[in-house]
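**Q** I would like the atomic coordinates for the input below:
(2 chains)
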Amino acid sequence: EAAVTQSPRSKVAVTGGKVTLSCHQTNNHDYMYWYRQDTGHGLRLIHYSYVADSTEKGDIPDGYKASRPSQENFSLILELASLSQTAVYFCASSEWGAGNTLYFGEGSRLIVV
Amino acid sequence: SQLAEENSWALSVHEGESVTVNCSYKTSITALQWYRQKSGKGPAQLILIRSNEREKRNGRLRATLDTSSQSSSLSITATRCEDTAVYFCATDTNAYKVIFGKGTHLHVLP
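**A** Okay, the predicted model is just below:
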């Protein structure tokens, strides 16, 4: 069974502060993704990566950075958190990318105040 | 605009009834995936149907794919209360990106 773990599971951050969401997978998958979920918008792709030390922009990358220091780890960084970034964030991994199963973590709920 | 989109925001059925969720998409695809997300959990894949397939089954679930009309459907037979969830279709837009629709909220009533 694929395993993707996210931390923290829940966080309250202040506006203008820095937030780092971490994701760790034990699937030996090359592809990793960060999605954001808001009511009414479904899941929107923020950043993704298909190899360590390289990241790519998704559909809504503004205000977010990503880091992939190893195959197992993929972080999402909010340098200056804003109220509009309050959402639930999901990390996922897949073996080959598009056309293959994505395995999701349990999500990280971020509230920016 | 959405590259993949479910056709209903919410559906309600009673236990034992069948229900179909529809999805339309706008690009050529390698595969279309259906995911289910239960409250407080991450999405989990139900079915992956490749572009050269027309139908795929998984227990009480049946997915169809019509590449000519760029549409797909997910049917659930003999629904149970535990089928209550949000159902997403997802497509690929290139070799790397997987894009999700906004989801259909399915409520299965006792």
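**Q** contacts and neighbour counts: CA atoms only from here.
**A** Will do.
**Q** Who are the contact partners of residue 86?
**A** All of this is about chain A. A:109, A:110, A:111, A:112 (CA atoms under 8 Å, 6 or more residues apart in numbering or on different chains).
**Q** I was after chain B.
**A** When contacts are counted by CA under 8 Å, 6+ apart, residue B:86 touches B:36, B:37, B:38, B:103, B:104, B:105, B:106.
**Q** Filter those down to the buried ones.
**A** B:36, B:37, B:103, B:104, B:105, B:106 (16 or more other CA atoms under 10 Å in any protein chain shown).
**Q** of those, closest to chain A?
**A** Nearest to chain A among the buried ones among the contacts of residue B:86 is residue B:103, at 5.9 Å by CA to the nearest CA.
**Q** got the contact list for the closest one?
**A** A:42, B:5, B:6, B:9, B:86, B:87, B:88, B:89.
**Q** cool, residue A:16 as well?
**A** Neighbouring residues of residue A:16 by CA under 8 Å, 6+ apart: A:79, A:80, A:81, A:82.
**Q** neighbour-wise, which of those leads?
**A** Counting neighbours by other CA atoms under 10 Å in any protein chain shown, the top entry in the contacts of residue A:16 is residue A:81, with 21 neighbours.
**Q** separation between it and chain B?
**A** Per CA to the nearest CA, to the nearest Å, residue A:81 is found 23 Å from chain B.
**Q** Just give me the neighbour total for residue B:69.
**A** Residue B:69 - counted by other CA under 10 Å - has 10 other residues nearby.
**Q** let me redo that: residue A:30
**A** Number of residues near residue A:30 (other CA under 10 Å) recorded here: 17.
**Q** Show me what from chain A comes close to chain B.
**A** Along chain A, the residues adjacent to chain B under the rule CA under 8 Å from any CA of the partner chain are A:31, A:40-45, A:48, A:50, A:58, A:90, A:97-107.
**Q** one step back: now, which of the buried ones among the contacts of residue B:86 lie within strands?
**A** B:36, B:37, B:104, B:105, B:106 (DSSP state E).
**Q** okay if I get these as TSV plus pLDDT and distance to chain A?
**A** What follows is those, written out as TSV (pLDDT from 0 to 100; distance: CA to the nearest CA, whole Å):
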residue	pLDDT	distance to chain A
B:36	97	11
B:37	96	10
B:104	94	9
B:105	94	11
B:106	95	14
